[in-house]
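>>> Turn this into a structure:
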Amino acid sequence: MSDTSDSFGYRFANTNTWAPHNETFTLLRNFWNIFWIRVEGKQYKPSTHCTSYFQLLCLHIQVMDQNFSVFLLLVLPSVVVLTQFGSGEEPTTQEIVPVDYSTPEDPVDDTEPPVVDSIPKVEEESVVVAEEFPDTEKLFGIPNNLWRCGSGDFVTKSVIGHINNTCPLAAAEFNHCCAVHDDCYDGQRGQKHCDRQFCECLEYHVATDPNAANCGKFTKMVCPLLSTYGRFAYDDSRDAKNSSVTESPVPAESLKVPTQIPHLSEPYVGIYARCDEQHATIASCALNNDLCYRTPRAEPKEQCTVHLIRCLDDTRFNRKPSKTCDLAIDEYLWKLIRFGGGSEDTKEMETLQENEKKEQMNVLMMQEILTNKTLVRNIYLQIVRHSSSLGWLSCLTFLFCVFSCCGIVIYAFSRCGEEEDIRRHDEVINVHVASSASEAPSSSTMSSMKSSSSTRK
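Numbers count the residues shown, from 1 in each chain. Down below sits the predicted model:
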């Protein structure tokens, strides 16, 4: 049964409603419990999937053709049962245990004491169901309330056990893929889209992370089953979203914040309030940041901050467009880039928070100017966050100076033509003056010659 549960994500639940007296049927019931079938953590009657015992057997033959050992384990008891029916032999009944209800003080009755059947042994199954849930925090450093892989207790236990045995160092990466998948289902973004995105996430980590390479076969086996069994979880998410009149408050323990950056905890909580469709993803980003700081790595601790920035920035591709959510994440990323270095930046952060109380941020203007370029967003955020009344006055003064300079330049260009005309006019006047001056000496010469000639006479 462990192979069947681990491979295909479902199990047969315990029940005492079908207890035939045939020992072979009892053995078969201990293997199968076919009255209830559990799929994706929920219970459905056999009529939902198969209408008879033989159709249920066919279902197992079709689903388990890749696991031959499990196929033999399930088919051989069925062959034994069918052989007993075909031979016409009387089924062997269970041992009858007589029970005497008389007491030593009471006289013994002449009638036979009532005979009851022995109770089928289901204690072992009860023990299996009541098995303690694995402590994911001890195994992977991930608290149980933040573990996202698996639907239902049994499937979740199976997934945890498989990852712990094959690729425990990749548990955080796989858990983040599951968190994004859960948010995608809750947001009703389309089952095919969510499943394809989930499988691409698993395949990416298997291909690029050596710690996850051992789980390659497991991921290839899980993805084909999502289209069949994932629809139950997707339908449940849709029903829960449609039936909820008022949103239930999110548990405080689920609002994970990066503990290694305590001076930025309050802005991180603000992301949860504005990004209400991605609580699981945002919590997983904070969790992976803490695990990065705790895990000894060759890379510097600053790389953990880079991973957190990328994780939060990638959330915009896994949700419906939301300027409110984008703005909250951009504010946090700006603070993380500037004050995420450690305790030495705490005082500067506190000073900035005091100044922010005196300022009012123009949210509408910021939403209009936001683009996909992170650098442009951060520059604009820095300008607005540091702006005050004096800053706005300085900006207006600067704009006035710019416009004044433009006006002066335009006026200067317009005056260039007028100055050229004036210069030409002055040159004409000078020519006239020079010509008149040259004519004056010639007339005086003529008069002097006339006077000299008269004197001679």
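>>> hey, let's count contacts and neighbours off CA atoms from now on
Will do.
>>> Next up, the contacts around residue 134.
Each residue near residue 134 by CA atoms under 8 Å, 6 or more residues apart in numbering is listed here: 157, 160.
>>> now it, what's its secondary structure?
Here residue 134 is recorded as coil under DSSP: H, G, I helix; E, B strand; the rest coil.
>>> Need the pLDDT of it.
Per-residue confidence (pLDDT) for residue 134: 89.
>>> Quick check: phi and psi on it?
Note on residue 134: backbone dihedrals following degrees, to the nearest 10 are phi -60, psi 140.
>>> That one and residue 294, how far apart?
Distance, residue 134 to residue 294, using CA to CA, to the nearest Å: 21 Å.
>>> again, but for residue 267
Counting by CA to CA - residue 267 and residue 294 are separated by 22 Å.
>>> Same question for whichever strand or helix holds residue 222: list its buried residues.
Applying DSSP states H and E as the criterion places residue 222 in helix 216-243. Residues 216, 218-219, 222-223, 226, 230, 232-234, 237 are the ones in helix 216-243 that count as buried (16 or more other CA atoms under 10 Å).
>>> what's the average pLDDT for that helix?
Computed over helix 216-243, the average pLDDT equals 85.
>>> Low-confidence regions, this structure specifically.
1-131, 244-253, 296-299, 340-392, 417-421, 424-425, 428-457 (pLDDT under 70).
>>> picking that back up, so residue 267 and residue 294 - more neighbours on which side?
residue 267 (17 against 12; other CA atoms under 10 Å).
>>> ok, the residue nearest to the more buried one when sequence neighbours are not counted - how many residues close by?
Spatial nearest neighbour of residue 267, excluding adjacent residues (CA to CA, 6 or more residues apart in numbering): residue 332 at 6.1 Å. Per other CA under 10 Å, the neighbour tally for residue 332 reads 21.
>>> Residue 332: which element?
helix 323-339.
>>> What is that helix packed up against?
helix 265-274, helix 302-313, helix 346-357, helix 374-385 (3 or more CA pairs under 8 Å, 6 or more residues apart in numbering; DSSP states H and E).
>>> Quick check: buried residues in stretch 312-328?
312, 315-316, 318-319, 323, 325-328.
>>> Extract the C-alpha set from that stretch and format it as PDB.
Extracted in PDB, the C-alpha atoms of stretch 312-328 (Å, rounded to 0.1, in the frame of the first residue of the first chain):
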ATOM      1  CA  LEU A 312       9.100  38.900  -4.700                       C
ATOM      2  CA  ASP A 313       9.600  40.500  -8.100                       C
ATOM      3  CA  ASP A 314       8.600  37.300  -9.800                       C
ATOM      4  CA  THR A 315       5.200  37.300  -8.100                       C
ATOM      5  CA  ARG A 316       3.800  39.800 -10.600                       C
ATOM      6  CA  PHE A 317       3.900  37.100 -13.300                       C
ATOM      7  CA  ASN A 318       1.900  34.600 -11.100                       C
ATOM      8  CA  ARG A 319      -1.100  36.800 -10.400                       C
ATOM      9  CA  LYS A 320      -3.700  39.000 -12.000                       C
ATOM     10  CA  PRO A 321      -2.500  42.600 -12.700                       C
ATOM     11  CA  SER A 322      -2.700  44.600  -9.500                       C
ATOM     12  CA  LYS A 323      -1.200  48.100  -9.200                       C
ATOM     13  CA  THR A 324      -1.800  48.100  -5.400                       C
ATOM     14  CA  CYS A 325       0.200  44.900  -4.900                       C
ATOM     15  CA  ASP A 326       2.900  46.000  -7.300                       C
ATOM     16  CA  LEU A 327       3.200  49.300  -5.300                       C
ATOM     17  CA  ALA A 328       3.500  47.500  -2.000                       C
END
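>>> Please work out which residues outside that stretch touch it.
Outside stretch 312-328, the residues touching it (CA under 8 Å, 6+ apart) are 180, 184, 187, 270-271, 274-275, 277-278, 281-282, 285, 329, 367.
>>> Looking at the residues you listed, which is nearest residue 261?
residue 285 (13.0 Å; CA to CA).
>>> tell me the contacts of residue 215?
With CA under 8 Å, 6+ apart, residue 215 has these contacts: 163, 166-167, 206.
>>> Look up how far residue 243 lies from it.
For residue 215, the distance to residue 243 (CA to CA) stands at 38 Å.
>>> With residue 174 instead?
30 Å.
>>> try residue 314
30 Å.
>>> Is it correct that residue 305 is in contact with residue 289?
Yes: contact criterion CA atoms under 8 Å: residue 305 and residue 289 qualify, at 7.3 Å.
>>> Could you check the angle the helix holding residue 332 makes with helix 265-274?
170 degrees (axes from the mean of the first three to the mean of the last three CA atoms, to 10 degrees).
>>> So residue 320 lies in a strand, does it not?
No: the assignment for residue 320 (three-state DSSP) gives coil, which keeps it out of a strand.
>>> before we move on, the earlier item: next up, the contacts around the residue nearest to residue 267.
Taking CA under 8 Å, 6+ apart as the test, what residue 332 contacts is 264, 267-268.
>>> For residue 410, give its distance to residue 401.
Where residue 401 is concerned, residue 410 sits at a distance of 14 Å (CA to CA).
>>> And residue 242, by the same measure?
Taken as CA to CA, the span from residue 242 to residue 401 is 58 Å.
>>> repeat for residue 426
36 Å.
>>> Assign a three-state SS to the residue lying closest to residue 259 once chain neighbours are set aside, would you?
For residue 259, ignoring the flanking residues on the chain, the nearest one in space by CA to CA, 6+ apart is residue 290 at 6.5 Å. Here residue 290 is helix, with the state taken from three-state DSSP.
>>> So residue 290 versus residue 256, what's the distance?
Counting by CA to CA, the gap from residue 290 to residue 256 is 10 Å.
>>> Check residue 193 too.
Applying CA to CA to residue 193 and residue 256 gives a distance of 27 Å.
>>> Would you mind telling me which of those two has more residues around it?
Between residue 193 and residue 256, counted using other CA under 10 Å, the more crowded position is residue 256 (20 against 13).
>>> hang on, that one packs against residue 286?
Yes: here residue 256 reaches residue 286: they are 6.2 Å apart, a contact under CA under 8 Å.
>>> intersection of neighbour lists for the two?
Counting by CA under 8 Å, 6+ apart, nothing touches both residue 256 and residue 286.
>>> coming back round to it: with respect to residue 144, which of the buried residues of helix 216-243 is nearest?
Using CA to CA, the buried residues of helix 216-243 come closest to residue 144 at residue 233, 19.9 Å.
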